[in-house]
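*Asks:* Compute the structure for the input listed below.
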Amino acid sequence: MPSVANRTSGKDYAVDEWALRVDLAAALRLAVEHHWHESVANHFSAVVSEDGKTFLLNPRWQHFSTVRASGLLLLNVDDPDVMKREDAPDPSAWCIHGAIHAAVPHARVLLHCHPPYATTLCGLKDPSMKPIDQNTARFHNRMAIDLNFGGLADDRAEGDRLARAFGNHSIMMMGNHGVSVTGDTVAQAFDTLYYLERAAKTMVLAYSTGEPLNVMSDEMAEGVARGWEDYPSMASAHFEQLKSLLDRTDPSYRE
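*Replies:* Below is the predicted model:
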């Protein structure tokens, strides 16, 4: 299998893995640009193996703005000594990402963070997205909602519970917590997270007016949501454009 030699780490990587590393590092850097990051917390991951058990994860307590492709952790769900490693992952990240990647086949990429508007919705008794415009309608009947917050997710039982809560959805609103978004590619997951936060902002601003919401009918909302699905390549175009902006300002994420 062709490999890529990285000058920063001195290691060789399979071409596919290196491309995935670059995209995941870019997503972490771009999360900072969009103000979705939170101190040195939150985690993005992407599956390397077909069975979902080997995956990349951002290092413990490293600010998103400093992550490089070569610095991403390579972890395996079945490794009993992973938390004994010198570069052991954050326990919460290991709990959530390891369990979900192992149990949810469509979660090839998993982005978990606490963006301000989506997290605000997750603090409401009803964190669902009402279809009041085309962005909010994109998520009509397409999100899992978990209202069984169990505190800091740092044990396997909570990770397994969250994996079950995801079901066959690609987005989960985590009550009293934040959001998790999955995708087949980093670009797809990032684009979904982008629109989720924009839709949440619209919801929060609409709620703040105190006026009644003008909610679409189920039929109209479903039609709009399906319309979004007719443009699958838009996510890749969006992500590549954002990466090109990163390349102009700080391409070190590629190292």
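*Asks:* okay, which residue is most central for the protein?
*Replies:* Note on the chain: the residue nearest the mean C-alpha position is L111, at 1.4 Å, using C-alpha atoms, centre = their mean.
*Asks:* So that one, which state does it fall into?
*Replies:* L111 carries the three-state label strand when classified by DSSP: H, G, I helix; E, B strand; the rest coil.
*Asks:* Which strand residues bridge it?
*Replies:* Here L111 sits in beta bridges with F44, V181, as judged by DSSP bridges.
*Asks:* I'd say it and A187 touch.
*Replies:* No - contact criterion C-beta atoms under 8 Å: L111 and A187 do not qualify, at 11.3 Å. In this view, the C-beta of every residue, glycine as well, is placed from N, C-alpha and C.
*Asks:* Setting aside sequence neighbours, what's the nearest residue to W61?
*Replies:* What sits nearest to W61 in space, not counting adjacent residues and going by C-beta to C-beta, 6 or more residues apart in numbering, is V40, at 4.4 Å.
*Asks:* what does E222 give?
*Replies:* Of all residues beyond its chain neighbours, the one nearest E222 is H140 (6.0 Å), with distances taken as C-beta to C-beta, 6+ apart.
*Asks:* And for the one you found, the neighbour number?
*Replies:* 21 (other C-beta atoms under 10 Å).
*Asks:* What of the one 4 residues further on?
*Replies:* A count of nearby residues for A144, using other C-beta under 10 Å, gives 17.
*Asks:* Run through the residues that contact it.
*Replies:* Going by C-beta atoms under 8 Å, 6 or more residues apart in numbering, A144 touches A165, F166, G167, H169, I171, M172, M173.
*Asks:* again, 7 Å this time
*Replies:* A144 sits next to A165, F166, G167, H169, I171, M172 when contact means C-beta atoms under 7 Å, 6 or more residues apart in numbering.
*Asks:* quick one: which of these has the most company?
*Replies:* Neighbour-wise, the contacts of A144 (other C-beta under 10 Å) top out at M172, 24 neighbours.
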